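Chemist: sequence unknown, structure follows:
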């Protein structure tokens, strides 16, 4: 944990590291201007790595929160990483980093290969999603031991290195990964630790800053390519009857989605926004 007085420096360092990773691999990158629900325009960076079958989406919210969404298509893993600034006026001189690891549902995001082929005719245009997928609530059940997280994805320990005690997963997703070829339920379970088996209240209902509680953090991805569009081609007259029509890819479908994560914190002090 680092003083908020150097958070800007830390943010710049994270950006430099992110760009270094982009330049040191065979990546394709898009910068997208989007309008959030409050009317503000923010910029998303979407990077695809075709060789490793990865996509990363990154942006900074207007409140300073840095959001990174990482998708590992090969292992069917999605990671939502949040760097949340402390509230100085409430005595918080530190920021927090949390990682929420879930099973990626195929079809929720276009492939890394398709992503790498996207181009913008007008890069300065402010984009608005075609479909709002609403809000989903996901309740995490366990912590992940980053030093044992390779069976989930080998990228997790590096991506969430600042969230050693705040990388979360659901038991239902662990069981789903175990069904993938080459996976082992024993190695996956060894990488996780269940939250304490006790009834605790939501942080909004707890008065003591030092009591454990269930924290809620909502994060929205305001624009992302959630599918491909296909158009019908002209009939192939060479076939005689002209009935043979081939479909071709003619664009992308874009979506917006919010996710509300519920997870265990050892102290309400780690969840002051949930009041």
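Modeler: Yep, that arrived. Computed from a predicted model, the values in this text were never measured in an experiment.

Chemist: contacts, neighbours, all on C-alpha from now
Modeler: Fine.

Chemist: can you pull out the strands in this structure?
Modeler: For the chain, strands defined by DSSP state E occupy the ranges 27-35, 41-49, 54-60, 66-72, 77-84, 96-103, 126-127, 131-139, 142-144, 167-169, 192-194, 213-232, 247-265.

Chemist: Let's have the ones you listed in a markdown table, adding mean pLDDT and mean neighbour count.
Modeler: Shown next, in a markdown table, are the strands of the chain (pLDDT from 0 to 100; neighbours: other Cα atoms under 10 Å):
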| stretch | mean pLDDT | mean neighbour count |
| --- | --- | --- |
| strand 27-35 | 88 | 19 |
| strand 41-49 | 95 | 19 |
| strand 54-60 | 97 | 21 |
| strand 66-72 | 97 | 22 |
| strand 77-84 | 97 | 21 |
| strand 96-103 | 97 | 22 |
| strand 126-127 | 93 | 16 |
| strand 131-139 | 96 | 13 |
| strand 142-144 | 98 | 24 |
| strand 167-169 | 98 | 27 |
| strand 192-194 | 97 | 17 |
| strand 213-232 | 92 | 18 |
| strand 247-265 | 91 | 17 |
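
Chemist: pLDDT on stretch 148-165, on average?
Modeler: If you average the pLDDT over stretch 148-165, you get 97.

Chemist: List the contacts of that stretch.
Modeler: Residues external to stretch 148-165 that are found in contact with it (Cα atoms under 8 Å, 6 or more residues apart in numbering): 72, 75, 77, 81, 96-99, 143, 145-147, 167, 177, 183-184, 187-188, 190-191.

Chemist: So which bits of it are buried?
Modeler: 148, 149, 151, 152, 156, 157, 160, 161, 162, 163, 164, 165 (16 or more other Cα atoms under 10 Å).

Chemist: Would you agree residue 211 is in contact with residue 266?
Modeler: Yes. Residue 211 is in contact with residue 266 according to Cα atoms under 8 Å; the separation is 6.7 Å.

Chemist: Surely residue 214 is in contact with residue 198?
Modeler: No. Contact criterion Cα under 8 Å: residue 214 and residue 198 do not qualify, at 11.3 Å.

Chemist: list the contacts for residue 111?
Modeler: By Cα under 8 Å, 6+ apart, residue 111 lies in contact with 53, 73.

Chemist: Distance to residue 271 added to the strands of the chain, as a markdown table?
Modeler: Formatted as a markdown table, those follow (distance: least, Cα to Cα, whole Å):
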| stretch | distance to residue 271 |
| --- | --- |
| strand 27-35 | 27 |
| strand 41-49 | 25 |
| strand 54-60 | 19 |
| strand 66-72 | 16 |
| strand 77-84 | 10 |
| strand 96-103 | 10 |
| strand 126-127 | 32 |
| strand 131-139 | 15 |
| strand 142-144 | 17 |
| strand 167-169 | 15 |
| strand 192-194 | 20 |
| strand 213-232 | 6 |
| strand 247-265 | 8 |
